[in-house]
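*Asks:* Build me a model from this:
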Amino acid sequence: MGHFVGDLAARMRAARIASRQSQVEVAAQLGISRPSYSNWESGRQEIPELKRLGIAAKMAEVTGQPEDFFREAIDG
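*Replies:* Sure, this is the predicted structure:
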């Protein structure tokens, strides 16, 4: 697992918890299954490279965190 994967996964989890949403709720808003979201959030599976920026933007919208909170994990 690459460094960014763990960092992005940790940020996704932290943002979801801070927004008081379940994995089911966030997954539904992202348009993916709960198992897929769970795998991304745990770092067991990488978000496909072509989807990363879109997921960062959508996670920001869903959780109320700034998009840069997620993008820094992708770009850094």
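
*Asks:* Output the below-cut-off pLDDT ranges for this protein.
*Replies:* Along the chain, segments meeting pLDDT under 70 span 1-6, 76.

*Asks:* Residue nearest the middle of it, spatially speaking?
*Replies:* Met12 (3.9 Å; CA atoms, centre = their mean).

*Asks:* Provide a list of residues in contact with that residue.
*Replies:* Trp40, Glu41, Met59, Phe70 (CB atoms under 8 Å, 6 or more residues apart in numbering). In short, each C-beta sits where N, CA and C put it, glycine included.

*Asks:* just how off-centre is the top helix by length along the chain within its chain?
*Replies:* Across the chain, the helix with the greatest residue count (assigned by DSSP state H) is helix 3-18. Distance, stretch centre to chain centre, for helix 3-18: 6 Å (CA atoms, centre = their mean, to the nearest Å).

*Asks:* you'd agree Gln21 is up against Thr63?
*Replies:* Yes. Gln21 sits in contact with Thr63 when judged by CB atoms under 8 Å, with a separation of 7.3 Å.

*Asks:* Which residues are in contact with Asn39?
*Replies:* Contacts of Asn39 by CB under 8 Å, 6+ apart are Gln45.

*Asks:* so which strand or helix has it?
*Replies:* In the assignment (DSSP states H and E), Asn39 maps to helix 34-42.

*Asks:* Just list what the next helix or strand after that helix packs against, helices and strands only.
*Replies:* Next along the chain after helix 34-42, taking DSSP H and E as the criterion, comes helix 52-63. Judged by 3 or more CB pairs under 8 Å, 6 or more residues apart in numbering; DSSP states H and E, the packing partners of helix 52-63 are helix 3-18, helix 23-30, helix 67-75.
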